[in-house]
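1. Got a predicted structure here, sequence first:
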Amino acid sequence: MERKTRLHYGLYSGKNKNFLMICEKTMSQTHNIPQLKTYRRQLRNNMTAAEVALWIMLRKRQLNGERFLRQHSIGHFIVDFYCPKYKLAIELDGDGHFDEAQAQYDIQRTEYLNSLGVTVIRFENCEVFNYPQRVLDEIATYLK
C-alpha cells in the first residue's frame, strides 16, 4: 500500500522524529480505518450475487497475477474491490444505484476517491453475469 507520508516528510523537514511518526500514522489510516472493520466484515459475509461472481474471477491473483481486496475502505467509503498496486477501485452497481440520490452520492464518492489518486471503474451487475470476459478485459486495461 502506497502511503502519502513520503510527500509529507519534505513538508515537515526540521521537525523532530516523533512528529514525523505521528504524521505517518495519521496518513496511513486512509485505508481500512478501524471504525469500519465490523461493517466491512458484514459486507464481505453478505455479498451480492454479482460481487460473488466477480470475486471468484479476481481472487487468488487470477487476473494478471494482481492482488485484489474485497470490501476495502478508503476514507469513510467502502469499495467493492480494490487493487492496491494500481490504486484501482471496482464498483458494481445494482438496482439501488439508478435513482437520482444514489447517482449523486456515487459522483461525490468517485470525486473523493479520485482526489486520493484512486481510479474508480463501474460495472452494472448484469455485465458481470452476461459478459464476464469483457468485464475482466476492461479491468485488465487498468493493470498496466
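-> In hand now; what should we look at?
2. C-alpha only now, for contacts and for neighbours.
-> Noted.
3. What are the boundaries of the strands in the chain?
-> Here the chain has its strands, by DSSP state E, at 69-74, 77-83, 88-93, 119-124.
4. Out of those, flag the one nearest residue 30.
-> Residue 30 lies closest to strand 69-74 among the strands of the chain, at 5.6 Å (CA to CA).
5. what helices or strands is the closest one leaning on?
-> In terms of contacts (3 or more CA pairs under 8 Å, 6 or more residues apart in numbering; DSSP states H and E), strand 69-74 is packed against helix 37-45, strand 77-83.
6. How is this protein partitioned into domains?
-> 1-30, 31-141 (automatic domain parsing).
7. so of the ones you listed, which one's packed in deepest?
-> Across those, the average number of neighbours (mean count of other CA atoms under 10 Å) peaks for domain 31-141, which reaches a mean of 15.
8. Show the end-to-end separation of it, please.
-> Start and end residues of domain 31-141 are separated by 24 Å (CA to CA, to the nearest Å).
9. right, and residue 125 touches residue 90 too?
-> No. Applying CA atoms under 8 Å as the test, residue 125 and residue 90 come out as separate, 11.8 Å apart.
10. just to revisit the earlier point, let's have the strands of the chain in a markdown table, adding mean pLDDT and distance to residue 61.
-> Converted to a markdown table, the strands of the chain look like this (pLDDT from 0 to 100; distance: least, CA to CA, whole Å):
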| stretch | mean pLDDT | distance to residue 61 |
| --- | --- | --- |
| strand 69-74 | 96 | 10 |
| strand 77-83 | 97 | 10 |
| strand 88-93 | 96 | 15 |
| strand 119-124 | 97 | 19 |
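11. Please tabulate these in CSV, including the columns distance to residue 132.
-> Formatted as CSV, these follow (distance: least, CA to CA, whole Å):
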stretch, distance to residue 132
strand 69-74, 18
strand 77-83, 15
strand 88-93, 13
strand 119-124, 11
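12. Figure out which of those strands is closest to residue 49.
-> Of the strands of the chain, the one closest to residue 49 (CA to CA) turns out to be strand 88-93, at 10.6 Å.
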